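>>> One predicted model, sequence on top.
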Amino acid sequence: MSEVSADVLERVVRDEERHLEELLEYLRIPSVSTDPAYAEDVRACSRWLAEKMRAAGLEVELIERGGGNPMVYGEWTGAEGAPTVLFYGHYDVQPPDPLEQWRSPPFEPTIEGDHLVARGATDDKGQSYTHLKAVEAMLAERGRLPVNVKFLVEGEEEIGGESIDAYVREDAGRRLACDGVVVSDTSMYAPGQPALLYGLKGLCYMEITVDGPDRDLHSGSFGGAVMNPGNAVCAIVASLRDPATGRIRIPGFYDAVRPIEDWERKEFASLGHDEAEYAAAIGVGELVGEDGYTTLERVWARPTCDVNGLWSGYQGAGAKTVLPATAGAKVSMRLVPDQDPKEIARLFAEHVRKVAPKGVRVAVKDLHGGEAVLIDATGPWFEAASDVFEAEWGKRPVLIREGGSIPIVSTFAEVLEVPVLLAGLGLDDDRLHSPNEKFNISHYHGGIRTMVRLLDRLASVEGGES
């Protein structure tokens with residue numbers, strides 16, 4: 001136990017039951033940002049979080065921009081001359097569907113041993129709430145902090161984060177001026193092995209709608225006479241990837257892709273990734289992907305193209321012989337550095353319109369996107385984070401990339417020009433975006449202790465330049 005942090009760490013241990021109860025309360029709020037039916041729940045969640053920040057001792061404001069979901073801003077800036085830490089998180093969550101696959105209701109958090117099962121448990125309510133509980137414990141125990149802190153927690157991360165991106169760019173480092181940003185919305189490399197991320201993928205998320213006849217048609221009376229939109233959308237989707245090589249077939253898609261560096265390939269290989277164990281953990285018999293790359297290289301550092309949703313025709317019990325009037329697909333492309341999501345969206349739309357069969361009308365919509373980011377994971381802030389993770393978890397963190405996207409990270413790096421610590425507390429088996437999402441309770445409490453140590457450690461770090 002750090003002698004500097006010992007008093008606060010003891011308080012954190014005493015308050016573990018209360019900390020867990022608060023997280024359960026947080027998780028009961030169904031703050032699904034993509035579905036308008038949950039709009040009031042999203043706003044209620046922002047108010048709940050704002051009240052918890054005030055109770056912790058922060059000055060708090062709800063920031064609304066352009067009709068988007070509120071951002072919750074809080075600050076304590078009483079440490080004159082000390083560094084300033086900006087904590088980022090998001091309180092919005094993914095839809096819980098498919099509901100029938102949950103072992104318990106998604107917004108009724110359930111404890112299963114060390115696992116806390118609920119939508120948003122790890123992505124990102126549980127992880128980001130560790131930041132606030134660490135600050136609260138330190139203020140309660142000492143009456144002050146060793147550094148200045150600012151919080152910016154958004155409600156649109158799962159739908160692209162447009163409001164926060166515009167706000168950060170408009171602010172231009174005035175109110176949000178800081179020496180470094182801390183984000184906990186990623187995973188450790190493995191149980192007991194912490195990690196600091198230096199790379200996240202970008203995103204281009206598209207929707208295809210295919211319309212044919214003006215109504216569903218009898219498949220016997222009209223089959224063979226009209227283009228079936230269901231068949232058409234399948235043909236379009238099948239055109240996106242080469243099944244033999246795993247390569248994406250959209251012309252120009254790879255033009256700007258930054259190759260994986262030799263040192264990265266060596267680092268990835270040194271991690272000892274067990275592909276059989278990885279496949280077994282997600283319930284597949286074989287791993288597939290782009291030829292010439294390992295699984296970690298594909299997931300962390302190569303672009304991808306995947307169907308996220310597909311719909312057409314009758315989907316109830318039994319048979320209904322119709323040619324559907326409409327069909328559609330949602331497709332996400334995870335991007336790597338130097339790929340422009342707007343350019344990829346344009347190339348995607350051109351390709352879809354070119355390969356669409358005759359006899360249907362095709363619409364392509366760009367739902368949202370974000371740029372990939374690579375961070376220079378060197379310098380005093382990263383050394384400080386490595387020290388505190390090692391002190392709490394017993395191992396020095398490894399440096400990794402991840403296949404997920406956090407749209408605002410690249411904006412923070414570009415606009416604020418300070419180090420961004422991607423200090424994840426989750427695990428790869430947390431089932432984020434899936435039914436039965438979970439967060440290890442031990443990681444929640446350990447995360448709070450880690451953030452306490454980080455607050456003390458960063459007080460001795462000069463400046464924000466990495």
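Nice, thanks for sending it over.
>>> in terms of contact, does Leu58 touch Gly78 like I think?
No: contact between Leu58 and Gly78 fails when scored by CB atoms under 8 Å: they sit 10.9 Å apart. Heads up, the C-betas are built off the backbone N, CA and C, glycines and all.
>>> Please report the distance of Pro303 from Val60.
Note on Pro303: its distance to Val60, by CB to CB, to the nearest Å, is 40 Å.
>>> and those two? which has more neighbours close in?
For Pro303 versus Val60, neighbours defined as other CB atoms under 10 Å are more numerous around Pro303 (21 against 17).
>>> Can you give me the separation between that one and Ser405?
12 Å.
>>> quick one: common contacting residues for those two?
201, 334 (CB atoms under 8 Å, 6 or more residues apart in numbering).
>>> Val388 belongs to a helix?
Yes: under DSSP: H, G, I helix; E, B strand; the rest coil, Val388 sits within a helix.
>>> Contacts only, for it.
Applying CB under 8 Å, 6+ apart, the residues near Val388 are 450, 453-454, 457.
>>> pretty sure His445 is in contact with Val12, am I right?
Yes: using CB under 8 Å, His445 is in contact with Val12, at 7.4 Å.
>>> Show me the domain layout of this protein.
6-200+372-458, 202-254+303-368 (automatic domain parsing).
>>> now the ones you listed as a markdown table including mean pLDDT and distance to Gly292?
Supplementary listing: the domains of the chain in a markdown table, determined by pLDDT from 0 to 100; distance: least, CB to CB, whole Å:
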| stretch | mean pLDDT | distance to Gly292 |
| --- | --- | --- |
| domain 6-200+372-458 | 96 | 17 |
| domain 202-254+303-368 | 97 | 9 |
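>>> Would you convert these into TSV that also reports distance to Glu275?
Supplementary listing: the domains of the chain in TSV, determined by distance: least, CB to CB, whole Å:
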stretch	distance to Glu275
domain 6-200+372-458	13
domain 202-254+303-368	15
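>>> if you compare the ones you listed, which one is most tucked away?
domain 6-200+372-458 (a mean of 20; mean count of other CB atoms under 10 Å).
>>> now that domain, how far from the chain's geometric center?
11 Å (CA atoms, centre = their mean, to the nearest Å).
>>> Can you give me every residue that contacts Arg302?
Neighbours of Arg302 in contact, by CB under 8 Å, 6+ apart: 257, 260, 289-290, 293, 336.
>>> rerun that using 7 Å as the cut-off
290, 293, 336 (CB atoms under 7 Å, 6 or more residues apart in numbering).
>>> Which one of those residues is nearest to Leu323?
Glu290 (35.5 Å; CB to CB).
>>> Can you tell me the element that closest one falls in?
According to DSSP states H and E, Glu290 maps onto no helix or strand at all.
>>> ok, it touching Ala301?
No: counting by CB atoms under 7 Å, Glu290 sits too far from Ala301 to count as a contact (10.8 Å).
>>> Just want to know which of those two has more residues nearby.
More crowded of Glu290 and Ala301, by other CB under 10 Å: Ala301, with 26 against 16.
>>> The residue nearest to the more buried one when sequence neighbours are not counted - how many residues pack around it?
What sits nearest to Ala301 in space, not counting adjacent residues and going by CB to CB, 6 or more residues apart in numbering, is Ile260, at 4.7 Å. Applying other CB under 10 Å, we find 17 residues neighbouring Ile260.
>>> which SSE is Ile260 in?
Counting by DSSP H and E, Ile260 is part of no helix or strand.
>>> Repeat that for Glu392.
helix 380-393.
>>> With Trp311 instead?
Counting by DSSP H and E, Trp311 is found in strand 304-312.
>>> Could you do Gly81 as well?
Judged by DSSP H and E, Gly81 forms part of no helix or strand.
>>> what's the distance between it and Glu75?
16 Å.
>>> Go ahead and confirm His445 touches Glu16.
Yes: His445 lies in contact with Glu16 (CB under 7 Å); the separation is 5.4 Å.
>>> what is in contact with the two at once?
Contacts common to His445 and Glu16, judged by CB under 7 Å, 6+ apart, are absent.
>>> can you list contacts of stretch 186-200?
So stretch 186-200 is contacted by 271, 300, 372-375, 377, 382, 385-386, 389, 393, 395, 397-402, 404-406, 409, 421-428, 430 (CB under 7 Å, 6+ apart).
>>> can you rerun that using 8 Å?
271, 300-301, 337, 372-377, 382, 385-386, 389-390, 393-402, 404-406, 409-410, 421-428, 430, 443.
>>> Return the subset of the residues you listed lying in strands.
373-374, 398-402, 421-422 (DSSP state E).
>>> In contact with Ser31, which residues are there?
By CB under 8 Å, 6+ apart, the neighbours of Ser31 are 38, 41-42, 44-45, 91-93, 120, 155.
>>> Mind checking which of these land in helices?
Of the contacts of Ser31, the ones assigned to helices by DSSP state H are 41-42, 44-45.
>>> quick one: Glu414 is in a strand?
No: secondary structure assignment places Glu414 outside any strand; it is helix (three-state DSSP).
>>> about what we covered before: each with direction, which strands does the strand holding Trp311 pair with?
Neighbouring strands of strand 304-312 in its sheet, by DSSP bridges, are strand 326-335 (antiparallel).
>>> mind checking how far the partner strand is from the chain centre?
That offset, for strand 326-335, works out to 18 Å (CA atoms, centre = their mean).
>>> Now the element after that strand, going C-ward?
With DSSP H and E, the next secondary element past strand 326-335 is helix 341-355.
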